[in-house]
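Quick one, structure for this:
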Amino acid sequence: MVRSYRASYGLTPLLLHADGRLASGAPGPLDTLPRVVQTRRHAIEESLRWGEPYVFLLAEGMISWVVALVNGQTLLGGACGGVVTSSDDPVDVVAAARHLASWSPSHARVCACLRALPAWPQARVRAAADNLAETVYAVTAWKPDLWRQHREDATQQRQIAEAIHQGKDGLRLAWPFAEERRLLLLLRAGDHNGARKHLNQLLAAMFLDSPRQPVLQARVLELLGYLVRMAVEDSPELASLLTANQRWIEQIIVAQTFESLCQVVRDALDAFMAEVAQQGLSRTNLHVRRALDYLAGHLTGPVSLDAAAAAAGVSRFRLAHLLKSVTGQTLLQHAKRLRMDEARRRLEATTLSCAEIAQEMGFADQSHFTRQFREAAGITPARYRRERRLK
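Sure, this is the predicted structure:
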């Protein structure tokens, strides 16, 4: 590990105890300074908290980075990738040394050490931090389960916070009613990252509508119930999800906070996708996902199997087969459903007339839109709007 990292970046990584003290090797001028030890301890904690390398300032213009070392659920310590100065913000050696060592006897040694540090741009620091994490876990073969779990938690909460912020700024979030099927399609197409992000947007929409925990629990239960029901209806091979759903229900009921509820539903989504993959329903997911993404971005124009196939990188005949075998629906069926979902959203969220929505969504005229909507929803667009606004 040391040789590989040193060859790439010219620095020698240091192994640290969880409290920030040097764990091996002869200490350098900085390694025993109380402020440095304390800062490294905090950096290890932050790396563990966020599940990623933590880049921090030791002093103004002095950059360092640390990776929390975890095996399973146990924190073992940390690895420090080195110390450099910022090429974008040159270090004031005297001020930095005073910050780190005050006027202690080691002050002169610290000044000499700081003057010898290489100057790096921020991008090189981030690359070195990421490389350190990859290298240390590849060489040790440790399983950073806790680290990854925290990274997933942090990513989820960031995505939810961003979606909530957009909602508060007036960017209406799609209500789960119009987006649940989209989530199921992402799951069945094997798009793990896309499904996670979409789920987090739904959770944010639920939270904005009502942050009360019992209401959130009820809506999450409804969402999971819908996913399981639709998956089993589409593919009887997935009947095992019914048993898993009982476990998820129990965990959702006892969840005490919104954060713990989010973790439960994320774990349920992962298990859901694993079951789908085990049944072989997520094969060729890349082509299916590309086709569905293309379709979602071209709802207002004519639906073309040739254009969707070109976006997916397969022939039109291959795409038609994949869509039917993986999702159980044809391209036209997907297009019709997505258009109806978007029409519902516009009826709920805008003041556009039914004629204007029909025109924007590419229907021949308002009568055609009304017929298609009644076939899909069981009621006319005007009645749907009135009923939704009464709720």
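
Quick check: the gap between residue 353 and residue 379.
Noted for residue 353: a distance of 17 Å to residue 379, by CB to CB, to the nearest Å. Heads up, the C-betas are built off the backbone N, CA and C, glycines and all.

Quick one: distance of the strand or helix carrying residue 332 to the chain centre.
Here residue 332, judged by DSSP states H and E, is contained in helix 331-349. Averaged C-alpha coordinates place helix 331-349 at 25 Å from its chain's average position (CA atoms, centre = their mean, to the nearest Å).

same deal with stretch 203-217?
In terms of CA atoms, centre = their mean, the gap separating the centre of stretch 203-217 from the centre of its chain is 19 Å.

buried residues in that stretch?
Neighbour-count burial for stretch 203-217, counted by 16 or more other CB atoms under 10 Å, picks out 203, 204, 205, 206, 207, 208, 216, 217.

re the thing from before, who are the packing partners of the helix holding residue 332?
Secondary structure elements in contact with helix 331-349, counted by 3 or more CB pairs under 8 Å, 6 or more residues apart in numbering; DSSP states H and E, are helix 176-188, helix 285-296, helix 316-327, helix 354-360, helix 366-377, helix 381-390.

mean pLDDT for the ones you listed: which is lowest?
Mean pLDDT per stretch puts helix 176-188 lowest among these, at a mean of 67.

Summarise which helices and strands the following helix or strand past it is packed against.
Scanning forward in sequence from helix 176-188 by DSSP H and E, the next helix or strand is helix 192-209. Using 3+ CB pairs under 8 Å, 6+ apart as the contact criterion, the neighbours of helix 192-209 among helices and strands are helix 145-168, helix 176-188, helix 213-234, helix 258-278.

Of those, which is nearest residue 35?
Of all the helices and strands packed on helix 192-209, it is helix 145-168 that lies closest to residue 35, at 26.0 Å by CB to CB.

so the closest one versus helix 258-278, what angle?
Interaxial angle, helix 145-168 versus helix 258-278 (axes from the mean of the first three to the mean of the last three CA atoms, to 10 degrees): 110 degrees.

how distant is helix 145-168 from the center of its chain?
7 Å.

got the contact list for that helix?
47-52, 68, 70, 72-75, 173, 196-197, 200-201, 203-205, 207-208, 259, 262-263, 266 (CB atoms under 8 Å, 6 or more residues apart in numbering).

before we move on, what about stretch 243-256?
Defining contact as CB under 8 Å, 6+ apart, one finds that stretch 243-256 is touched by 213, 217, 220-221, 224-225, 228, 261, 264-265, 268, 271-272, 275.

let's see it at 6 Å
Outside stretch 243-256, the residues within contact range by CB atoms under 6 Å, 6 or more residues apart in numbering are 217, 220, 221, 224, 228, 261, 264, 268, 271.

hang on, the earlier thing: for the buried residues of stretch 203-217, give me CSV that also has pLDDT.
Rendered in CSV, the data for the buried residues of stretch 203-217 read as follows (pLDDT from 0 to 100):
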residue, pLDDT
203, 83
204, 82
205, 80
206, 82
207, 82
208, 78
216, 85
217, 87
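
one step back: tell me which residues of the helix holding residue 332 come out buried.
Across helix 331-349, burial judged by 16+ other CB under 10 Å covers 331, 334-336, 338-348.

Leaving out sequence neighbours, find the closest residue to residue 89.
For residue 89, ignoring the flanking residues on the chain, the nearest one in space by CB to CB, 6 or more residues apart in numbering is residue 61 at 5.0 Å.

mind listing what residue 41 touches?
Contacts for residue 41 were tallied using CB under 6 Å, 6+ apart; they are 19, 20.

typo on my end, it should be residue 81
13, 65, 128, 132.

7 Å instead?
11, 13, 65, 128, 129, 132 (CB atoms under 7 Å, 6 or more residues apart in numbering).

now, which of those sits nearest residue 386?
If you rank the contacts of residue 81 by distance to residue 386 using CB to CB, residue 129 comes first, at 55.8 Å.

in this protein, which helix or strand is least confident?
The least trusted helix or strand in the chain, going by mean pLDDT, DSSP states H and E, turns out to be helix 176-188, with a mean of 67.

Report the residue ranges of every domain in the chain.
For the chain, the domain assignment from automatic domain parsing gives the residue ranges 2-143, 149-282, 333-390.

Confidence-wise, which of those is weakest overall?
Comparing the domains of the chain on mean pLDDT, the least confident stretch is domain 149-282, scoring a mean of 74.

Which strand residues bridge the nearest residue to residue 76 once chain neighbours are set aside?
Sequence neighbours aside, residue 69 is the residue nearest to residue 76 in space, at 4.4 Å (criterion: CB to CB, 6+ apart). Partner residues in beta bridges with residue 69: residue 77, with DSSP bridges as the criterion.

so what's residue 64 up against?
Applying CB under 7 Å, 6+ apart to residue 64 gives the contacts 56, 58, 80, 82, 83.

so which helix or strand takes in the first one?
Just to be clear, that refers to residue 56. In this structure, residue 56 sits in strand 54-59 according to DSSP H and E.

one step back: possible to save the helices and strands packed on helix 331-349 as CSV with distance to residue 111 and mean neighbour count?
Formatted as CSV, the entries for those read as follows, by distance: least, CB to CB, whole Å; neighbours: other CB atoms under 10 Å:
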stretch, distance to residue 111, mean neighbour count
helix 176-188, 56, 21
helix 285-296, 55, 20
helix 316-327, 64, 18
helix 354-360, 67, 17
helix 366-377, 74, 16
helix 381-390, 69, 14
